[in-house]
Every structure is written in C-alpha cells, then in structure tokens.
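Trainee: what's the 3D shape of this:
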Amino acid sequence: MPVKLEVLPHQPNWHHEFERETAKLLLALGNNVVAIYHIGSTAIPQIYAKPIIDLLVEVNHLGRVDESNAAMQALGYEAKGEFGISGRRYFRKDTVAGVRTHQVHIFAGGSAEVDRHLAFRDYMIAHPADAQQYSELKRRLVATLRSDDIEGYMDGEDAFIKEMQKQALAWRALQSMRK
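Mentor: Have a look, this model is predicted:
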C-alpha cells in the first residue's frame, strides 16, 4: 500500500511518540547506540508535517546494526539496508493497514549525514520564517499532487531542502566558531 500523502499541523504527541519509540530502539539496538535524535518535520514546532516520526540513530559500529535486524523486526520495522544512502541503515514501520508511522535512519557516529540532519532541524527551529516557508511549500504540494504521489512530493521539496541544508550547515559552522 502506498504512503498516503498528507501533512498535518504540528502535534504535541509527536515528541511523546519519539520518546516512546526511543526507549524501544535502545532495547533493540543495545549498547551500540551513541544517541537518538528526533529529526524530520515532526521535530520542528509550528510547521505542517507528514505524520511520520523520523528518528536518527547514531551508533558506534554500523556493521553491528545488521545483527539487530530481528530485534527491529520484532518492533514492527522492515529492514531496508542502505536504501539509497551509502553508510546508512534504514528501517520503516507501518501499521497493519499499511500506514507509515516511523522511519529510522542509522549512521555511524561522526557521519556527515548526522551533522546534515541535525543542522537542518536546528536551523529550522532557530529560523521560524524559513520553517514557515517550508510548511507552506508542504501544504502547496499536498494540495496540488495526487494523494499517492510521494515521489512528486519529495521532488517538489528537494530544491528547498537542499538550499536550507546549505544555509543550515553554514549557520552551524558559524555557531561553532562563536563557542
């Protein structure tokens, strides 16, 4: 079943759902976990988002993640391997009705991908005007695309995200220099 394309106003329960899922992931992945972060649009207050909780897990040893596939499957996740991004392990969870609820992106500690995701999230939180532009873009895309056109949605937000990522990484570098 394809992912239903919808965006909703920010929901306070998204953070609580992240916390609940974090506890489960810590049990499944064990002492390999360095940190777990809430990323994606559900982590940015006051913006519309697809109601899918994205979790970024930073681990000591990426290869050991594959040993946890059975534990992740017991939590309802489907293991997808790198799924298009070298150096990542990707898991997704859907309800029995086929509705996507969670996505887990796992990278080795110190990965540039970790920094990129966190910089984007933190930049959007610190720059509400840019976050609102992102929110409005999401709403426009959902209003103009078929309800199952997730590829069109991702294509439609790609240029904006890439531009914001550049700004976010520059902003993060500036923040680091000020410390």
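
Trainee: so where do the strands sit in this protein?
Mentor: Applying DSSP state E to the chain gives strands spanning 33-39, 53-59, 77-79, 88-94, 100-108.

Trainee: just send those back as TSV, with mean pLDDT too.
Mentor: Below are these laid out as TSV (pLDDT from 0 to 100):
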stretch	mean pLDDT
strand 33-39	98
strand 53-59	98
strand 77-79	98
strand 88-94	97
strand 100-108	97
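
Trainee: and among the ones you listed, the most buried is which?
Mentor: Each of the strands of the chain was scored by mean neighbour count; the highest is strand 53-59, a mean of 22, by mean count of other C-beta atoms under 10 Å. C-beta coordinates here come from the backbone N, C-alpha and C atoms, glycine included.

Trainee: go ahead and measure how far that one is from the middle of the chain.
Mentor: Chain-centre distance of strand 53-59: 7 Å, with C-alpha atoms, centre = their mean, to the nearest Å.

Trainee: who touches it?
Mentor: Defining contact as C-beta atoms under 8 Å, 6 or more residues apart in numbering, one finds that strand 53-59 is touched by 14, 17-18, 21-22, 25, 29, 32-40, 42-43, 65, 101-109, 111, 114, 117-118.
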